[in-house]
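Colleague: Have a look at this fold, sequence not included:
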């Protein structure tokens with residue numbers, strides 16, 4: 001792996017971390033954040049492999065206890081909380097966004113929401129359909145708009161990067 005790629009991975013892991021702590025708490029424990037935007041952006045700019053690695057780096061930073069998750073939280077306990085399924089799902093979002101196809105990014109988003117709703121349902125003993133209405137549907141419009149915004153901003157960033165390399 002080239003130094004340039006490692007640097008981009010680190011930059012996007014930092015960006016995801018910064019935009020993840022900007023959150024609006026909710027009574028059900030799943031906040032509104034800019035994670036979807038930043039993770040999609042990492043995928044769109046860096047591609048499947050490096051966008052996923054940036055996301056995994058972000059998750060590892062949080063796992064070791066750095067306060068990079070929503071609400072300035074971190075630690076391994078975050079992965080077994082009501083938001084843990086979403087954390088695992090972010091890898092799929094980054095990977096599918098790395099195809100540079102909005103349709104596939106939305107598939108990655110739906111996988112992320114599915115994993116999040118499953119874990120929320122399991123931990124709160126809420127039936128799955130109700131969990132979808134609580135922790136998925138209220139976020140879908142924001143998340144889909146985030147993907148579109150990340151796609152268009154990502155195209156601009158890739159053009160800048162390409163011009164500066166050549």
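Modeller: Right, received. Where do you want to start? This is a predicted model, so every value here is computed, not measured.
Colleague: Low-confidence regions, the chain specifically.
Modeller: 165-166 (pLDDT under 70).
Colleague: same thing but at 80, please
Modeller: 1, 164-166 (pLDDT under 80).
Colleague: which stretches of it form strands?
Modeller: 23-24, 32-33 (DSSP state E).
Colleague: what packs against the first one?
Modeller: The helices and strands touching strand 23-24, judged by 3 or more CB pairs under 8 Å, 6 or more residues apart in numbering; DSSP states H and E, are strand 32-33. Backbone N, C-alpha and C define where each C-beta goes, glycine included.
Colleague: What lies in contact with the strand it packs on?
Modeller: Residues outside strand 32-33 that contact it (CB atoms under 8 Å, 6 or more residues apart in numbering): 19-20, 22-24, 26, 70, 139, 142.
Colleague: got CSV for those, with distance to residue 109 and neighbour count too?
Modeller: Listed next are these as CSV, based on distance: CB to CB, whole Å; neighbours: other CB atoms under 10 Å:
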residue, distance to residue 109, neighbour count
19, 16, 17
20, 16, 26
22, 19, 14
23, 18, 18
24, 19, 9
26, 19, 13
70, 17, 24
139, 9, 21
142, 11, 14
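Colleague: And the furthest pair within the residues you listed?
Modeller: For the contacts of strand 32-33, the maximum inter-member distance is 17.6 Å, found between 19 and 26 (CB to CB).
Colleague: Now that we have the strands of the chain, can you turn them into JSON lines and tack on distance to residue 14?
Modeller: Shown next, in JSON lines, are the strands of the chain (distance: least, CB to CB, whole Å):
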{"stretch": "strand 23-24", "distance to residue 14": "17"}
{"stretch": "strand 32-33", "distance to residue 14": "16"}
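Colleague: For residue 53, which of the ones you listed is the nearest?
Modeller: The nearest among the strands of the chain, by CB to CB, is strand 32-33 at 20.8 Å.
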